[in-house]
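Enquirer: model the following, please.
(one chain, ligands or ions: 1)
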Amino acid sequence: MAMNRRDTFKLVGVAAAAAAMPSIATASEKKSAPKKTSGKSVVVVGGGFGGLTIAKALRKKDKSIEVTVIEKNNIFMACPFSNTLLGGLDGVSLDTFVGDYFQPAGKYDYDFVHATVTAIDRKAKTVTTTAGDIAYDILVLSPGIAYDYEKQFPTWSAEKIAEVSQACPAALMPGNEHIALKRQLENMDDGNVIIIPPAAGKYRCPPAPYERTAMVANYVKNEGIEGKVIVLDTRNGKFAKGAAFQESWKDLFPDIIEYNGLTEIVDIDTEKKTIAYKVFQDEADTEGALKTEKYEVCNLIPINKCSPVVAMAGIEVDGAGYAMMDGYSFRSKTDSNIYVIGDAVTHAIPPSGQTAIWAAHRAAGQITDQLNAKENDPKAGLPAKAANVCYSMVGSKPEEAIMVTHTFSADPSGKLKGKGHVPKPKDGGGKFRSKGTAKATREWFGGVMRELFS
Ligand SMILES: Cc1cc2nc3c(=O)[nH]c(=O)nc-3n(C[C@H](O)[C@H](O)[C@H](O)COP(=O)(O)OP(=O)(O)OC[C@H]3O[C@@H](n4cnc5c(N)ncnc54)[C@H](O)[C@@H]3O)c2cc1C
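Expert: Next up, the predicted model:
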């Protein structure tokens, strides 16, 4: 291997020291030359859903492939199912979502490096990290998303963005934002919670803001809080699992959820806890009426863009930074030694954890074939039925959920695309939601965490 387990722990120490003492020279400034690769060295950037899945899949497929995962967080936290923490569902705590990176690394014998990637040199085939340079033969990028406050609020200063992002946590990326949102809910008195889905473009887990709406309403209802959950959207009711969500909201929380489908955020005053926004009558209305609302908790999810890690590689990307793909494969269009998976791709498949897992397995097959000089058909196995299955909890007494499944196929334009179907379950009594689907939601999440960590 490029580094053994002891070396990995040393790197972890370097990274931790650098983080604790930011004034000292960074590891990259005093870097030594990276160790030579074996010819089958795969470096994976990002230890999230895509990254952990591909690391394990590569090692299971071909033991001669050496794998190194580089991850900036020191603890794994899952986003899927995390809205149930906000909803106060039984048996759900922070423990439900966390994982230990060294567990799968030890079991499947790959290296885990706790460091932040700061640069990628495609010519030298090296990744620069806060713990030194690491050489690769094949590079896999699964770094997820970033927020684009600047695009959505071009007049806001960096200070204003920092203030709003802290006061109104987006909670679309793993980590502290979810905890901050939960604390704010727990600390709130009577009053309103405002949920703002991303205003435009592709974003992580399209049903997530609407599942959050149901789960926060569930919390408000069960805690007896006098207040509303107000959604300020731009999609006019046309969102993922839209009919199923709206049916559940109407049945379960008719006096709590207020959905506004055509709005535009104008300003947020985090001191006074007020939000100014425009409400449009219909799609032809360009003026809109200005309104101000007081809130106790505000969840502003800004427009998404791709993690900047993809741009570091200098490969071709679209306007939001997502990687342009080589046909139906998960290889970059620009560089045959770089693969991109998870939310960072331009394939027209929904950005979800389940999709990242599906992509990771396909990319693992493509990489293994490339390293063993075998032909690979990136269309093999397509169309793939239920390649993505995504559940959303909508209530707790009784616990009920809705779901969508996607079939992935090869679009004539050269992309992979997904077609969704929102079923009415047999045990739903004619509704989209059911107790059986809620049980399947918990089972899906438990199964995914087991797959990632054991
Ligand atoms: C509230 C919510 C609910 C969701 N519900 C579902 C669901 O029910 N079902 C479902 O399938 N999906 C769901 N998702 C979506 C799912 O979480 C994402 O689609 C999935 O995590 C994408 O995987 P990924 O590997 O692309 O990115 P991630 O899992 O985010 O992993 C990216 C990793 O890269 C690391 N990284 C980034 N930059 C660097 C760097 N410079 N150096 C080192 N490491 C770096 C990050 O720290 C992160 O760990 C939900 C998401 C949210 C927010």
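Enquirer: those helices in this structure, which residues are they?
Expert: Along the chain, the stretches classed as helices by DSSP state H are 5-20, 49-61, 83-87, 102-108, 149-152, 158-167, 176-187, 208-222, 242-252, 308-312, 353-371, 435-453.
Enquirer: against which helices or strands is the shortest one packed?
Expert: In terms of contacts (3 or more C-beta pairs under 8 Å, 6 or more residues apart in numbering; DSSP states H and E), helix 149-152 is packed against helix 158-167. In this view, the C-beta of every residue, glycine as well, is placed from N, C-alpha and C.
Enquirer: could you check the angle the helix it packs on makes with helix 176-187?
Expert: 60 degrees (axes from the mean of the first three to the mean of the last three C-alpha atoms, to 10 degrees).
Enquirer: give me the buried positions along helix 158-167.
Expert: Going by neighbour count (16 or more other C-beta atoms under 10 Å), the buried part of helix 158-167 is 161, 164, 167.
Enquirer: over to stretch 99-114?
Expert: Those would be 99, 101, 104-105, 108, 110-114, for stretch 99-114 by 16+ other C-beta under 10 Å.
Enquirer: in strands, which of those residues appear?
Expert: Judged by DSSP state E, strands contain the following of the buried residues of stretch 99-114: 99, 111-114.
Enquirer: tell me how many other residues surround E293.
Expert: By other C-beta atoms under 10 Å, 17 other residues sit near E293.
Enquirer: tell me who's in contact with it.
Expert: When contacts are counted by C-beta atoms under 8 Å, 6 or more residues apart in numbering, E293 touches 192, 194, 230, 274-275, 277.
Enquirer: quick check on those residues: which are buried?
Expert: Among the contacts of E293, the ones that count as buried (16+ other C-beta under 10 Å) are 192, 194, 230, 275, 277.
Enquirer: surely the last one and A289 touch.
Expert: No. Proximity of Y277 to A289 does not meet the contact threshold set by C-beta atoms under 8 Å, at 9.7 Å.
Enquirer: so who does I357 touch?
Expert: I357 neighbours (C-beta under 8 Å, 6+ apart): 49-50, 53, 448, 451.
Enquirer: in ChimeraX, select just the buried ones from these.
Expert: Entered in ChimeraX, the line below selects the buried ones among these, by 16+ other C-beta under 10 Å:
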select :49,50,53,448
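Enquirer: keep the contacts of I357, but drop any that are not near the ligand.
Expert: 49-50 (C-beta under 6 Å from any ligand atom).
Enquirer: name the nearest of the contacts of I357 relative to P308.
Expert: G50 (16.6 Å; C-beta to C-beta).
Enquirer: which residues does that closest one contact?
Expert: Applying C-beta under 8 Å, 6+ apart to G50 gives the contacts 142, 341-343, 356-357, 359-360.
Enquirer: and if you look at S142?
Expert: So S142 contacts 44-46, 48-51, 54, 340-342, 344, 356, 360 (C-beta under 8 Å, 6+ apart).
Enquirer: equivalent analysis for P169, please.
Expert: Taking C-beta under 8 Å, 6+ apart, we find P169 in contact with 176-178, 180-181, 184, 299.
Enquirer: in PyMOL, select just the buried ones from those residues.
Expert: With 16+ other C-beta under 10 Å as the criterion, this PyMOL line picks the buried residues out of the contacts of P169:
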select buried, resi 177+178+180+181+184+299
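Enquirer: what ranges do the strands span in the stretch 201-350 of the chain?
Expert: 229-232, 257-260, 263-269, 274-279, 289-294, 297-300, 304-306, 338-340 (DSSP state E, counting those that start in this stretch).
Enquirer: partners of the fourth one, with directions?
Expert: If I follow you right, that is strand 274-279. strand 263-269 (antiparallel), strand 289-294 (antiparallel) (DSSP bridges).
Enquirer: nearest to the ligand among those strands would be which one?
Expert: Nearest to the ligand among the strands paired with strand 274-279 is strand 263-269 (19.5 Å), distances taken as C-beta to the nearest ligand atom.
Enquirer: count of neighbours near the closest residue to A289 other than its chain neighbours?
Expert: Spatial nearest neighbour of A289, chain neighbours left out: V279 (5.3 Å); criterion: C-beta to C-beta, 6 or more residues apart in numbering. A total of 15 residues lie near V279 under the criterion other C-beta under 10 Å.
Enquirer: which ones are touching V279?
Expert: Contact analysis of V279 by C-beta under 8 Å, 6+ apart lists 260, 262-263, 288-289, 291.
Enquirer: tell me what it is bridged to.
Expert: T263, A289.
Enquirer: so what's it scoring on pLDDT?
Expert: The model reports V279 with a pLDDT of 98.
Enquirer: which bits of the stretch 251-400 of the chain sit near the ligand?
Expert: Going by C-beta under 6 Å from any ligand atom, the residues of the stretch 251-400 of the chain near the ligand are 307, 309, 342-344, 351-354, 356, 390-391.
Enquirer: any chance of the residues you listed in TSV, plus neighbour count, pLDDT and distance to E316?
Expert: Shown next, in TSV, are those (neighbours: other C-beta atoms under 10 Å; pLDDT from 0 to 100; distance: C-beta to C-beta, whole Å):
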residue	neighbour count	pLDDT	distance to E316
S307	23	98	16
V309	25	98	15
G342	30	98	18
D343	28	98	18
A344	25	98	13
P351	21	97	19
S352	26	97	24
G353	25	98	26
Q354	21	98	26
A356	26	98	21
C390	26	97	29
Y391	23	98	34
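Enquirer: could you single out the nearest of the residues you listed to K36?
Expert: Nearest member of these to K36, counting by C-beta to C-beta, is V309, at 23.9 Å.
Enquirer: pLDDT below threshold where in the stretch 1-150 of the chain?
Expert: Segments of the stretch 1-150 of the chain classed as low confidence (criterion: pLDDT under 70) are 1-32.
Enquirer: and it, which residues reach the ligand?
Expert: 45-51, 70-73, 79-80, 82-83, 116-117, 142-144.
Enquirer: of these, buried ones?
Expert: By 16+ other C-beta under 10 Å, these give 45-51, 70-72, 79-80, 82-83, 116-117, 142-144 as buried.
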